[in-house]
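Colleague: quick one, what's the 3D model for this:
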Amino acid sequence: MSDRYTVARIARDGEHFEILVKPQPALDFRMGKGHTISEILAIDTIFTDANKGTKASEEKLKKAFGTLDVLKIAELILRKGQLQLTTDQRRQLTEDKRKQIITFISRNCIDPKTNLPHPPIRIEQAMEHIHYSIDPFKEVEEQANEIIKLLRPILPIKMEKISVEVRLPTEYAARAYGAVKGFGTIKREEWRADGSWHGVIEMAAGSYAPLLEKLGEITRGTAEAKIV
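Modeller: Here you go, the predicted structure:
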């Protein structure tokens, strides 16, 4: 493959089907960004082996997909099949996913010795010792849970939930409420007659400090939050 096109493939009924696609539009499509299939395809052809130029027969296409419409088949392959990434794409996606995983672990885990979250840099340094292969398409939480298990022999770490009572003053309640919701699950809440908000949110222990920071920023230090 070249920088101009790459392969997306799928297995159906014991047969392999491939399409040649433009790398960035194809990746954008997989990430939920808008491109039409005709813009993504490098060639309007379904192959059984794109490298050899072997086209799929109409009989095989009809049996596997129930249609001969190249655009419909190509869309299915792009949505459900495997997309071959360029070296640069894989490197960037892997790095982005690595940062997301580190953030997730820092926010959801604590050091059981201090009951404080591990700084991201400490998690990043510890991850260098476990040689975990990050999958750019695998969910952050799933990979984070696997990494946490591998980190335990070298880093004191545990996931812990806490309940936090929050009081938002009238002036900032509406705006700060959206931020509070993003940190966990609201277990109890009350909008009072003066427009202030009181509630209890269940959240990861490691997210407590970021919550305080965010509330301080939005409410200029007038919100109240405490672990209950």
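
Colleague: domain-wise, how is the protein divided?
Modeller: Using automatic domain parsing, the domains assigned to the chain come out as 6-83, 87-158, 160-227.

Colleague: distance between the ends of the shortest one?
Modeller: By C-alpha to C-alpha, to the nearest Å, the extent of domain 160-227 from end to end equals 13 Å.

Colleague: any idea what the closest residue to W191 other than its chain neighbours is bridged to?
Modeller: Leaving aside its sequence neighbours, W191 sits nearest to W197 (C-beta to C-beta, 6 or more residues apart in numbering; 5.6 Å). For every residue, glycine as well, the C-beta is placed using N, CA and C. Per DSSP bridges, the residues bridged to W197 are L168, W191.

Colleague: my guess is H35 contacts P23. True?
Modeller: No. Assessed by C-beta atoms under 8 Å, H35 is found out of contact with P23, at 11.8 Å.

Colleague: quick one: which of the two has more around it?
Modeller: P23 (21 against 16; other C-beta atoms under 10 Å).

Colleague: just give me how far the helix or strand of the chain with the lowest mean pLDDT sits from the chain centre.
Modeller: Least confident helix or strand, the chain: strand 158-159 with a mean of 84, by mean pLDDT, DSSP states H and E. In terms of C-alpha atoms, centre = their mean, to the nearest Å, the centre of strand 158-159 is found 20 Å from the chain centre.

Colleague: SS state for R188?
Modeller: Per DSSP: H, G, I helix; E, B strand; the rest coil, the local secondary structure of R188 is strand.

Colleague: contacts for the lengthiest helix in the chain next, please.
Modeller: Of all the segments of type helix in the chain, defined by DSSP state H, the longest one is helix 87-108. By C-beta atoms under 8 Å, 6 or more residues apart in numbering, the residues outside helix 87-108 that reach it are 23-24, 27, 85, 117-120, 123-124, 127, 134-138, 140-141, 143-144, 147-148, 151, 157, 159, 204-207, 210.

Colleague: same question for stretch 179-192.
Modeller: Contacts with stretch 179-192, where a contact means C-beta under 8 Å, 6+ apart, come from 163-164, 166, 168, 173, 197-204, 207, 210-211, 214-215, 218.

Colleague: put the buried members of those into a ChimeraX selection.
Modeller: What follows is the ChimeraX syntax selecting those of those that are buried according to 16 or more other C-beta atoms under 10 Å:
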select :164,166,168,173,197,199,200,201,203,204,207,210,211,214,215,218
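
Colleague: perfect, I'm done here.
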